[in-house]
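**Q** From the sequence below, what's the structure:
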Amino acid sequence: MPSPWLAALTLAVEVSGASTCPTPAEVEARLRPLLPEAEAVSRHAVRLLREGDVLRIELSDRDGAPLANRRLKASAACAELASAVAVVVATWEVELRGRGVLGMWLASPPAEASVGPLRASRTMSIGFGAFGAVAASSTTAAGLVEAAAGTAQGRWEALFALRGVADHRVPLAAGTVRWRRVVLGAGPRLTLRTGPWRLSATAEAMLALLLMRGEGFDRDLDDAALDPGASLTLRVGVEASSVMPWLGGTLMGWPLVRSVAVEGLAADQRMPRLEVLLGAGLTLAFGP
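**A** Below you'll find the model as predicted:
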């Protein structure tokens with residue numbers, strides 16, 4: 001059987017809202033110790049609203065009339081935000097009762113609560129993706145593994161990525177030229193949040209191992225080279241808890257001009273310097 005004191009607290013202040021960091025339940029758990037033990041005089045509603053990197057707190061009476069509101073910077077860990085919200089709500093309750101709006105406390109009011117400065121918690125994520133890769137008139141498949149580190153609810157992350165692009169093929173004279181790249185990339189990622197939606201942009205500096213091979217010639221040769229490049233990636237995803245499926249595209253550019261030729265023939269083929277990857281993936285987040 002639940003404690004009557006907990007039931008009274010639940011009736012005194014009800015917390016709701018679509019916020020997932022912190023959740024209404026997390027705020028209620030931290031609010032109970034700050035409210036009077038026998039509070040059952042009035043019922044208030046606290047609503048939590050996320051507006052990008054800002055958490056909005058609204059207090060209203062049982063009829064929905066607004067009593068107070070406040071905005072908090074939502075860059076700290078969820079647990080610390082829940083404690084901060086609880087302190088704000090408890091302070092409002094004390095102030096309103098001091099004006100005679102809500103009546104007297106049935107027990108002595110708690111000592112003034114406080115929280116230390118909010119510290120941004122570190123988070124990490126790993127992602128996987130599958131793509132179609134287009135370079136000039138050649139189309140093939142590509143894969144991605146990435147890792148990113150940032151702060152909870154922060155906009156910026158540092159990203160490291162490994163991409164593998166399968167063989168492209170183009171005809172040359174009587175044969176075919178095949179090439180592929182294994183690409184390492186690193187750079188900053190900016191993420192904008194609207195509800196569960198996430199829109200991100202990433203700029204990377206890249207270094208690729210370029211592997212080339214001729215087929216169908218009198219003598220087929222292999223070659224390899226290091227190829228520097230840069231990329232821009234755009235994604236849109238929907239975050240549910242710590243899992244985010246996404247759709248995205250990457251434009252990769254290779255500034256060095258590279259050509260392949262057939263010995264003894266006046267035939268050569270310039271390698272495409274732009275490559276587009278379009279596909280989907282999944283990101284898993286770790287942290288608060």
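**Q** phi, psi of the nearest residue to Phe217 once chain neighbours are set aside?
**A** The shortest distance from Phe217 to any non-neighbouring residue, by Cβ to Cβ, 6 or more residues apart in numbering, is to Gly175 (4.3 Å). (C-beta placed from N, C-alpha, C; glycine too.) Main-chain dihedrals, Gly175, degrees, to the nearest 10: phi -130, psi -160.
**Q** What ranges in the stretch 1-150 of the chain fall below the confidence cut-off?
**A** Low-confidence segments of the stretch 1-150 of the chain (pLDDT under 70): 1-12, 36-43, 97-121.
**Q** At which residues are the helices of it located?
**A** Under the criterion DSSP state H, counting those that start in this stretch, the stretch 1-150 of the chain contains helices at 4-12, 24-31, 78-98.
**Q** Mean neighbour count and distance to Gly248 added to these, as a markdown table?
**A** Formatted as a markdown table, these follow (neighbours: other Cβ atoms under 10 Å; distance: least, Cβ to Cβ, whole Å):
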| stretch | mean neighbour count | distance to Gly248 |
| --- | --- | --- |
| helix 4-12 | 15 | 44 |
| helix 24-31 | 19 | 32 |
| helix 78-98 | 20 | 27 |
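**Q** Against Arg30, how distant is Ala68?
**A** With the distance defined as Cβ to Cβ, to the nearest Å, Ala68 ends up 18 Å from Arg30.
**Q** Ser242: how many residues sit nearby?
**A** 12 (other Cβ atoms under 10 Å).
**Q** and what of Trp197?
**A** With other Cβ under 10 Å as criterion, Trp197 counts 12.
**Q** Please apply the same query to Val243.
**A** With other Cβ under 10 Å as criterion, Val243 counts 12.
**Q** what number of residues lie near the residue nearest to it when sequence neighbours are not counted?
**A** Counting by Cβ to Cβ, 6+ apart, the nearest residue to Val243 once its immediate chain neighbours are dropped is Leu284, at 6.0 Å. When neighbours are defined as other Cβ under 10 Å, Leu284 has 12 of them.
**Q** For Leu284, name its beta-bridge partners.
**A** With DSSP bridges as the criterion, Leu284 is bridged to Ile126, Val243.
**Q** Would you map out the domains in this protein?
**A** Structurally, the chain divides into domains by automatic domain parsing as follows: 4-98, 122-286.
**Q** ranges for the strands of the stretch 151-288 of the chain?
**A** 156-172, 175-194, 197-215, 222-238, 243-253, 259-261, 268-270, 274-286 (DSSP state E, counting those that start in this stretch).
**Q** Where among these is average confidence lowest?
**A** Across these, strand 259-261 has the smallest mean pLDDT, namely a mean of 71.
**Q** Let me see the contact set for the spatially closest residue to Ala280 that is not a sequence neighbour.
**A** Counting by Cβ to Cβ, 6+ apart, the nearest residue to Ala280 once its immediate chain neighbours are dropped is Leu247, at 5.1 Å. Going by Cβ atoms under 8 Å, 6 or more residues apart in numbering, Leu247 touches Arg235, Val236, Gly237, Gly279, Ala280.
**Q** I'm done for today, thanks for sticking with me.
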